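[1] Need the 3D shape of this:
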Amino acid sequence: MKSISSVNATLGKSFGLLVLAGATLAFGGDWPQYRGANHDGICTEKILATWVTPRAVWKAPTPGGFSCFSVGGGRAYTLVLGSGEEVCVALDANTGKQLWSVPLGSAKYDGGGDSGAKENKGGDGPRSTPTIDGDRVYVLSAQLALFCLDAKSGKEIWKKDLCQELGGKMIRWQSAASPVMDGDLIFVCAGDGGTLAAVNKKDGKVVWKGASETLTHASPIVATILGVKQVIFFVKSGLVSVEPATGKELWRHAFPFKVSTAASPVVSGDIVYCSAGYGVGSAAAKIAKAGDKFTVTQLWRSEGNTICNHWSTPVCKDGYLYGPFSFKQFGTGPLKCVEVATGKEMWSKDGFGPGGVVLVGNNFLTLSDTGDLVLIEASPKGYKQLGKFQAVQGKCWNTFAISNGRVYVRSTKEGACLDVSGR
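    Residues are numbered from 1 along each chain as shown. Model prediction:
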């Protein structure tokens, strides 16, 4: 492994910064983890309802990977490639200037060799998104090493090898999950045959261990269903829900697995939706509770790739899912609206591919896999585009962050900060 100083020097040369316009950034409205504070892709801020060309605040190279930005405390964090290693970088959220970088280990992935060599090799690089909590940043590497770093300096506070300590083996294509936090706990699944577990964010000690499962490429979520907070893991056997504090299993629901599942579950009231690529398709299950016992009933199941999310997790508003529904339809895959209780397709619009989506009020923003940022009305009545802008160049199989009226978006080539506040 190269030293931090040498990685800093390498990345310092590649991070030629282009600052297009400056402004003072307030620290409100943080986007602290993958898909936002509640891991549901929902932004509670108000942004422009219509726009043609959002004001660019800065652009900076973000070489390699599908990691997203997390934004907090005046900094934006993401994972990039540097000299054959995964690297966590911190940028000034106001200017895009690199503040520090820390290597996390090998960037080799199944089927591609050294992903630092060329784009499209080795899965294109890191897929996990950092999680911010106060003065600390938590990062999960592709090799399932969980790091706790000082937010200001990048200095390592503690590190945990999940496979080694929790009994798992590495899965095919390595991990793409992000650290999901609630309170003092970080929820993880330790690879193939490892245990579900909760790790204390302060010292990295294991608080509880659950059932032995096999990790998919999907991140777990924390949600409240029927008044009960729970962590829902999307593992090879299907959906497994546990108590956050103890790991006690609340319910589980079988769902087929073939090759890969990277989209997280989506909760709408007492309904949980999940999906996978490679012909598996999607399903929705209704959760019921009598006393302290939960039961699960499948509402519908759609096989194949018509109602399918592979990399992209949809968002839900008023009982309808919005997002990219396609499998390996790069640049052409449709954006759809699907009724979560029935699986009925309400409308479909081609030309997006596997990108990201965030719900903002009565609208949603989506990022196509070619870098178009599109504002669309969140209505089951039909597709209504409110704005479109080429935000970045490069491949975008990831989602983005919205913080203090700004969109933080990136590709395998570059990251950008765009002002959509209307101020």
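
[2] Quickly find the element holding Asn76.
    I think there's a mix-up here, since residue 76 is Ala and not Asn. Taking DSSP states H and E as the definition, Ala76 sits inside strand 75-82.

[3] Direction included, what does that strand pair against?
    Partners of strand 75-82 in the sheet, by DSSP bridges, are strand 70-72 (antiparallel), strand 85-92 (antiparallel).

[4] want to throw the ones you listed into TSV with mean neighbour count?
    Bear in mind the C-beta positions are built from the backbone N, C-alpha and C, glycine included. Shown next, in TSV, are these (neighbours: other C-beta atoms under 10 Å):
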stretch	mean neighbour count
strand 70-72	26
strand 85-92	25
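
[5] wait, which of the ones you listed is closest to Ile132?
    Minimum separation from Ile132 across the strands paired with strand 75-82 (C-beta to C-beta) falls at strand 70-72, 3.9 Å.

[6] Quick one: mean pLDDT for the closest one?
    For strand 70-72, the mean per-residue pLDDT is 97.

[7] Tyr138 falls within a strand, correct?
    Yes. Using DSSP: H, G, I helix; E, B strand; the rest coil, the assignment for Tyr138 is a strand.

[8] And for Glu249, the neighbour number?
    As a burial measure, Glu249 scores 15 neighbours (other C-beta atoms under 10 Å).

[9] quick revisit: the strand holding Ala76 to strand 136-140, inter-axis angle?
    30 degrees (axes from the mean of the first three to the mean of the last three C-alpha atoms, to 10 degrees).

[10] Now do strand 75-82: distance to the chain's middle.
    14 Å (C-alpha atoms, centre = their mean, to the nearest Å).

[11] picking that back up, can you redo the strands paired with strand 75-82 as JSON lines with distance to Ala401?
    Shown next, in JSON lines, are the strands paired with strand 75-82 (distance: least, C-beta to C-beta, whole Å):
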{"stretch": "strand 70-72", "distance to Ala401": "5"}
{"stretch": "strand 85-92", "distance to Ala401": "12"}
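
[12] and Val206, which of the ones you listed is closest to it?
    strand 85-92 (22.7 Å).

[13] Tell me the helix or strand right after the closest one.
    strand 98-106.

[14] Pull up the pairing partners for that following strand, direction included.
    strand 85-92 (antiparallel).

[15] Run the chain-centre distance for the strand it pairs with.
    16 Å.

[16] likewise stretch 298-308?
    For stretch 298-308, the distance to the chain centre is 22 Å (C-alpha atoms, centre = their mean).

[17] Please save the CA atoms from it in PDB.
    Below are the C-alpha coordinates for stretch 298-308, written out as PDB (Å, rounded to 0.1, in the frame of the first residue of the first chain):
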ATOM      1  CA  GLN A 298     -46.500 -11.000  -1.100                       C
ATOM      2  CA  LEU A 299     -48.700  -8.600  -3.000                       C
ATOM      3  CA  TRP A 300     -47.300  -9.100  -6.500                       C
ATOM      4  CA  ARG A 301     -44.300 -10.400  -8.300                       C
ATOM      5  CA  SER A 302     -43.000  -9.400 -11.800                       C
ATOM      6  CA  GLU A 303     -40.400 -11.700 -13.300                       C
ATOM      7  CA  GLY A 304     -38.000 -10.500 -16.000                       C
ATOM      8  CA  ASN A 305     -36.500  -7.100 -16.700                       C
ATOM      9  CA  THR A 306     -39.700  -5.000 -17.400                       C
ATOM     10  CA  ILE A 307     -40.200  -3.900 -13.800                       C
ATOM     11  CA  CYS A 308     -36.600  -4.200 -12.700                       C
END
